[in-house]
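S.K.: Next one to model:
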Amino acid sequence: MSTPASAPSEMAFFSLLARSGSFSATARELDVTTPAISKRLAQMETRLGVQLLNRTTRRISPTPEGEIYLSHARRILAEIDEAQTAVQSNTQEMSGVLRIHAPLATARRVVAPAIARFQLLHPGVVLDLHVEDSPDPVIGDYDITVLTADTRVDADVITRPIIQSRHVLCASPSYLVRHGMPKQPQDLLEHRCLRHRTPGVRLRPLVLLDPTDSDRTIELDVPAVLMTNDRDTLLSATMDGAGISVQPLELLVPYIREGRIRRVLSPWISERVGLVAVLPSRKFMPLRTRAFLDFMVQALREAMADIGEEVAKVESEG
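M.R.: Below you'll find the model as predicted:
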């Protein structure tokens with residue numbers, strides 16, 4: 001029989017396995033072999049006398065008994081974390097693991113730029129950044145989950161605004177020389193458009209808003225000559241002259257100044273995208289969580305202030 005001391009480790013293992021969704025992904029994260037993961041799960045199931053996971057060739061998922069165990073495990077692990085936080089709250093030095101979940105583009109452009117400077121200030125904090133474009137991440141598995149502001153979340157979580165970005169249309173000078181500058185939204189129907197597509201979601205019409213005219217809205221079924229779920233690939237293809245795409249205006253400013261890309265159809269925008277940080281509702285918020293969140297938000301505000309005048313100039317130039 002397992003000793004009580006082994007229970008938290010066993011629960012953490014099963015929580016990770018359920019979140020990863022596969023033996024191989026869990027093995028990579030724990031730096032062990034896939035058979036070792038399978039063996040450990042079998043030992044758990046034998047000890048408990050129940051099957052915890054359904055196995056298929058592509059994915060694993062909790063059984064009803066596994067869901068019950070997982071729910072209790074996550075609660076117990078959160079309580080252990082809170083207990084450790086309460087004990088450590090009297091010390092000034094921050095340490096421990098900070099678990100963050102973010103979509104790929106957000107991880108690269110929002111989270112990653114803050115990591116190096118934060119760890120210079122707090123070298124004892126280890127950041128575990130899980131990058132995944134998941135529409136429904138398990139918020140309880142992380143200290144901070146970064147989501148778009150329109151994502152539906154449970155009422156028992158804490159949300160904090162991070163940043164709001166305007167997405168605009170852009171193209172490279174070489175593309176505009178070959179195909180001309182669109183003068184009105186309907187001109188996009190005759191252009192080569194590059195679209196971002198969320199995995200598993202059908203490509204929708206392009207929505208444009210005119211912020212100078214009470215957000216007057218136009219929907220267009222523009223032709224897409226490239227569809228990709230990776231925004232960085234989309235930006236690279238745009239700068240290489242493949243077509244017109246939608247990008248965050250703030251991201252484009254340095255490329256516009258370098259002459260590598262131009263905004264088109266100003267003042268029309270595609271959307272305003274807000275980002276929020278979602279945190280599990282706990283009595284004790286780890287000091288490292290609050291410190292990193294404050295640091296990241298402040299860094300973004302400073303960056304936005306630095307390029308604020310440039311953004312305004314870009315918008316006035318069109």
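S.K.: quick one: Ala242 is in a strand?
M.R.: No: using DSSP: H, G, I helix; E, B strand; the rest coil, the secondary structure at Ala242 is coil, not a strand.
S.K.: residue boundaries of the helices in the stretch 151-300 of the chain?
M.R.: 173-179, 231-239, 249-257, 287-317 (DSSP state H, counting those that start in this stretch).
S.K.: Check which helices and strands the biggest strand by length in the chain is in contact with.
M.R.: Determined from DSSP state E, the single longest strand within the chain is strand 157-171. If you count contacts as 3 or more CB pairs under 8 Å, 6 or more residues apart in numbering; DSSP states H and E, strand 157-171 packs onto strand 245-248, helix 249-257, strand 262-264, strand 271-280, helix 287-317. Glycine gets a C-beta too; all of them are placed from N, C-alpha and C.
S.K.: Would you mind giving the helices of the stretch 151-300 of the chain as JSON lines with distance to Tyr69 added?
M.R.: Putting these into JSON lines (distance: least, CB to CB, whole Å) gives the following:
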{"stretch": "helix 173-179", "distance to Tyr69": "55"}
{"stretch": "helix 231-239", "distance to Tyr69": "37"}
{"stretch": "helix 249-257", "distance to Tyr69": "43"}
{"stretch": "helix 287-317", "distance to Tyr69": "26"}
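S.K.: CSV for those helices, including mean pLDDT and distance to Ser20?
M.R.: Compiled in CSV, the helices of the stretch 151-300 of the chain are given as follows (pLDDT from 0 to 100; distance: least, CB to CB, whole Å):
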stretch, mean pLDDT, distance to Ser20
helix 173-179, 96, 41
helix 231-239, 91, 24
helix 249-257, 79, 31
helix 287-317, 72, 22
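S.K.: related to what we said a few turns ago, now the longest strand of the chain against helix 231-239, angle please.
M.R.: Between strand 157-171 and helix 231-239, the angle comes out at 20 degrees (axes from the mean of the first three to the mean of the last three CA atoms, to 10 degrees).
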